[in-house]
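[1] no sequence on hand, only this structure:
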């Protein structure tokens with residue numbers, strides 16, 4: 001019995017209660033911007049969109065999602081739906097959808113839910129082609 005008490009005291013002496021802290025996991029990975037092709041050439045804005053997407057991705061990976069989010073939204077504007085529609089219209093729609101998804105991720109990581117709602121709501125008015133994607137993203141930020 002004495003041995004049990006000594007062992008119990010020895011095992012519990014010096015125990016401290018550590019406060020529980022929230023661990024922040026890794027940031028979600030971004031989507032990859034699709035490519036578009038056209039034998040007739042693509043608008044100059046296409047190349048600018050890819051350059052800006054790379055810059056936004058770097059900002060995000062460098063822990064600056066607040067800088068990345070608006071850049072992703074600008075990428076979507078750079079690859080707006082061509083009028084009249086062309087052979088790369090579908091590819092541009094996919095590019096915009098990817099930019100919206102990455103912007104939503106960046107806004108979320110930046111803690112700017114109101115900014116995300118505002119940006120995606122404006123995009124919804126301007127991009128009916130991606131309305132399903134935008135509505136799904138907006139439903140996460142309601």
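    Received the coordinates, thanks. All values reported here derive from a predicted model rather than from experimental measurement.
[2] isn't residue 103 right up against residue 119?
    Yes: contact criterion CB atoms under 8 Å: residue 103 and residue 119 qualify, at 6.5 Å. All C-beta spots, glycine's among them, are computed from the backbone N, C-alpha and C.
[3] the residue positioned nearest the centre of the chain: what's it in contact with?
    Nearest residue to the geometric centre of the chain (CA atoms, centre = their mean): residue 105, 2.2 Å. By CB atoms under 8 Å, 6 or more residues apart in numbering, residue 105 lies in contact with 27, 28, 30, 60, 65.
[4] let's verify the first one: helix, strand, or coil?
    What that stands for is residue 27. When classified by DSSP: H, G, I helix; E, B strand; the rest coil, residue 27 comes out as coil.
[5] what's near enough to touch it?
    Going by CB under 8 Å, 6+ apart, the list of residues near residue 27 reads 60, 65, 105, 109.
[6] who's in contact with the nearest residue to the last one once chain neighbours are set aside?
    Setting aside the residues directly before and after it, residue 109 is nearest to residue 65 in space (CB to CB, 6 or more residues apart in numbering), at 3.9 Å. By CB under 8 Å, 6+ apart, residue 65 lies in contact with 27, 59, 105, 106, 107, 108, 109, 110.
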